[in-house]
Every structure is written in structure tokens, then in C-alpha cells.
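> Generate a structure from the sequence data that follows.
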Amino acid sequence: MAGLVTEPLAQQAAGTLTSVERIAGFTTAARPEQLKPQIRQLYKRNILDSLACAIASLPAPPFRALREQLEELRLKRSPRDQRAR
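Okay, here's the model as predicted:
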């Protein structure tokens, strides 16, 4: 377990963290009580959106099927729903 903690710290010191690792570090370090309510809401939305984008970009067959299904739903939306966007 100690290796899991010290390895990212060593990478951070060496400046070799990826963007995902930097975001993960920020996410795990942030505490709700440190953030104003509006910022907390944006934080949750943005982190979840980022995770959804990362997962959706995976090439595995289940994700490909999910993207196809979402595209079908997008095409079936009524004109009124499309104007609401």
C-alpha cells in the first residue's frame, strides 16, 4: 500500500505525472468543506463528465455498443427536444 502512495509522489517530484494522474491527485486531495457550494457542484459535474468522456473513448465492444445506442437516441429525438438544447 505504501508504494501506491509514494510512487505518485515521486513521479510528481520528477514532473512525470500524466494529466489524468494530476487530475486524480487534485480530486483525491480536494475536500468538500474547502469548496463553496457552487464550486462543489461544478467540481462534481466536471469530474463526472471527464470520467464519462474517458470511459466512452475506450475501444472495447461494450463502449462501442453504448456509443451506437446513444447515437440512435440522438437521431430519434423530437424536433422540440432538439430545439431545447
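> Give me the average confidence score over the host helix or strand of Phe26.
Element membership for Phe26 (DSSP states H and E) is helix 19-29. Computed over helix 19-29, the mean pLDDT rounds to 81.
> so after that helix, what's the next helix or strand?
Trace forward from helix 19-29 with DSSP H and E and the next one is helix 37-56.
> For that next one, name the packing helices and strands.
helix 19-29, helix 61-76 (3 or more C-beta pairs under 8 Å, 6 or more residues apart in numbering; DSSP states H and E). Where C-beta positions appear, they are placed from N, C-alpha and C, glycine not excepted.
> Mind putting those helices into a markdown table with distance to Leu42 and mean neighbour count?
Formatted as a markdown table, those follow (distance: least, C-beta to C-beta, whole Å; neighbours: other C-beta atoms under 10 Å):
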| stretch | distance to Leu42 | mean neighbour count |
| --- | --- | --- |
| helix 19-29 | 13 | 12 |
| helix 61-76 | 24 | 10 |
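> Tabulate these (a markdown table), appending distance to Pro37.
Converted to a markdown table, the helices and strands packed on helix 37-56 look like this (distance: least, C-beta to C-beta, whole Å):
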| stretch | distance to Pro37 |
| --- | --- |
| helix 19-29 | 18 |
| helix 61-76 | 31 |
